[in-house]
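Asks: Need a 3D model of the following:
(chains A, B, C and D)
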There are 2 protein chains.
Amino acid sequence: MKKAETLFLELKQAGLRLTKARQACVEVLLASRTPLSVAQILERLGRKEVLVNKTTVYRELEKLKKIGMVENVPLSDRQQYFELAAHHHHHLVCVRCQTVEEVAIDERALLQGEERAKQEKQFMIIRHSLEFFGVCGNCQMAEKSC
Amino acid sequence: MKKAETLFLELKQAGLRLTKARQACVEVLLASRTPLSVAQILERLGRKEVLVNKTTVYRELEKLKKIGMVENVPLSDRQQYFELAAHHHHHLVCVRCQTVEEVAIDERALLQGEERAKQEKQFMIIRHSLEFFGVCGNCQMAEKSC
DNA sequence: TGACAAATGCAACTAAGTTGCGTTAGTATG
DNA sequence: CATACTAACGCAACTTAGTTGCATTTGTCA
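Replies: Purely as a prediction, here's the structure:
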């Protein structure tokens, strides 16, 4: 796993200043196993005693996306979720309790799809997103006992 | 492709009434090759001279999702997109012009992922969502000429 | 250390989606 | 066909996520 210092260096190389808010955002994302919403990021920044305005967080994430350090993960229809691109993986989302787990996938089939898009449709693929939605073990148990 | 009549029958079997709004929503989704936002659905309902309130459309889609006839497709961070579950496929989304195309994928790798989720994490998978984001041929050309 | 632009906070705003409630209209039954 | 029951509906008011403009602060580089 990449260390924070490495990411900070990347920020500088991308021409971004090393501000407290920016560093803290990157640290929060780095420390999380799962994608985070802006609300979650704000809350965790608060715990680190880094008080930041939500506008700043939105703008920050936009910048980090632009330089490719952060990705948008569509887990819900109402909120954006973000994760470090270096953390890129696919997710299992429980539609009952909203918990998110990672799942390993053989990406060869996806690469084949990307290749086809390039060949047939002249599409230049930047990224992909694959999510599974279902009901987790706990929630299945809870449902049975009703 | 399923015909509207078949879908209407499914609605009745699910215990839903056959209202004008409901039928028209299903017809609109059936006629579209790509997923639609609520705004797009409202507009197309208007063209069919079926005047429906947005609240109704939201509630309708929620119901159709519940009976499994409609799926949510996360193409953008700001709006929900919907398609008939029967139309299920994967998409190429241009991040510049927002156009959406379909792309064929060998789903075997995805099934393998679903299997792993079931075995290892006791997850019951309901559906998956796979989207590719990139730049379409047109937008690549436009960028070059700047 | 000073200058300059990037970054920030704040308040006001927009857009997507939701809720409560009174009314309308499918549908099953007689 | 008439009636009654309730799902479905429309409307207006509301909530929440995300955005914008602008004045102020703060990194960075010379």
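
Asks: and A:Leu110, how far is that from DNA strand C?
Replies: 26 Å (CB to the nearest atom of the strand, to the nearest Å). In this view, the C-beta of every residue, glycine as well, is placed from N, C-alpha and C.

Asks: quick one: contacts for that residue?
Replies: Neighbouring residues of A:Leu110 by CB atoms under 8 Å, 6 or more residues apart in numbering or on different chains: A:His128, A:Leu130, B:Ile105, B:Ala109, B:Leu130.

Asks: A:Arg96: what's it in contact with?
Replies: With contacts defined as CB under 8 Å, 6+ apart, A:Arg96 is in contact with A:Val135, A:Cys136, A:Cys139, A:Ala142, A:Glu143.

Asks: same check, this time on A:Glu10
Replies: Contact analysis of A:Glu10 by CB under 8 Å, 6+ apart lists A:Ile67, A:Met69.

Asks: ok, now the one 4 residues further on?
Replies: For A:Ala14, the contact set (CB under 8 Å, 6+ apart) comprises A:Ile67, A:Met69.

Asks: roughly how far apart are it and B:His88?
Replies: When distances are taken as CB to CB, to the nearest Å, A:Ala14 and B:His88 turn out to be 38 Å apart.

Asks: what about dumping the CA coordinates of the lowest-mean-pLDDT helix or strand in chain A to PDB?
Replies: Least confident helix or strand, chain A: helix A:137-144 with a mean of 84, by mean pLDDT, DSSP states H and E. Included here for helix A:137-144 are C-alpha records, laid out as PDB according to Å, rounded to 0.1, in the frame of the first residue of the first chain:
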ATOM      1  CA  GLY A 137     -25.300 -12.600   5.600                       C
ATOM      2  CA  ASN A 138     -26.400 -10.600   8.700                       C
ATOM      3  CA  CYS A 139     -29.400  -9.100   7.000                       C
ATOM      4  CA  GLN A 140     -30.500 -12.500   5.600                       C
ATOM      5  CA  MET A 141     -30.500 -13.900   9.100                       C
ATOM      6  CA  ALA A 142     -32.500 -10.900  10.400                       C
ATOM      7  CA  GLU A 143     -35.100 -11.300   7.700                       C
ATOM      8  CA  LYS A 144     -35.600 -15.000   8.500                       C
END
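
Asks: What residues of that helix count as buried?
Replies: Buried residues in helix A:137-144, counted by 16 or more other CB atoms under 10 Å in any protein chain shown: A:Cys139.

Asks: Repeat that for stretch A:93-108.
Replies: By neighbour count, with 16+ other CB under 10 Å as the criterion, the buried positions of stretch A:93-108 are A:Val93, A:Cys94, A:Val100, A:Glu101, A:Val103, A:Ile105.
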